[in-house]
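Participant: one predicted model, sequence on top.
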Amino acid sequence: MVFFSFTTSTEKVENNARPGFYISVEDFTDRSNHEFIVESKDSVNIIFEQFFSSELELGNVDRPITIFNGKRNFYIARVSVFEKPNGDLNFRHLKYPNVYTKRTKLKPVFL
């Protein structure tokens, strides 16, 4: 028996990837979860204003951000957005360089 699978290769998926944002909101007031995959910063601001009514504005997102105010847990991360073969949007997290550097062992000092 020979089986054939026709799907897009990972190379093609990575070539069709676009920059975007993944937003996840846990609302503890009504116990609901919301997940969004958006490609524009304007959409991110609209979603942010929908859940938070404050004077704060969401600035540049360089690394993943989590905001918890007791009622809502808001998580946003930059991702690569691509379209699956069935037409749904999916995402792949970006790889960020490690912030922390390993400390080298210091040699003891003799006085």
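Facilitator: Happy to help now that I have it. Residues are numbered from 1 along each chain as shown.
Participant: where is the longest strand in this structure?
Facilitator: The residue-count maximum for a strand in the chain (DSSP state E) belongs to strand 72-83.
Participant: neighbouring strands - and their directions - for that one?
Facilitator: strand 18-27 (antiparallel), strand 65-68 (antiparallel), strand 89-93 (antiparallel) (DSSP bridges).
Participant: looking at the ones you listed, which is buried most?
Facilitator: Neighbour counts (mean count of other Cβ atoms under 10 Å) averaged over each of the strands paired with strand 72-83 peak at strand 18-27, with a mean of 17. Glycine gets a C-beta too; all of them are placed from N, C-alpha and C.
Participant: point out where this protein drops to low pLDDT.
Facilitator: Low-confidence segments of the chain, defined by pLDDT under 70: 1-15, 55, 99, 103-104, 109, 111.
Participant: just the helices from it, written as ranges.
Facilitator: Under the criterion DSSP state H, the chain carries helices at the ranges 10-15, 41-51.
Participant: who does the longest one touch, helix- and strand-wise?
Facilitator: Packed against helix 41-51 by the contact rule (3 or more Cβ pairs under 8 Å, 6 or more residues apart in numbering; DSSP states H and E) you find strand 18-27, strand 32-38, strand 72-83.
Participant: which residue is nearest the middle of this structure?
Facilitator: The chain has residue 77 as the residue nearest its centroid, 2.7 Å off, counting by Cα atoms, centre = their mean.
Participant: isn't that one up against residue 61?
Facilitator: Yes: the pair formed by residue 77 and residue 61 meets the contact definition of Cβ atoms under 8 Å, at 7.4 Å.
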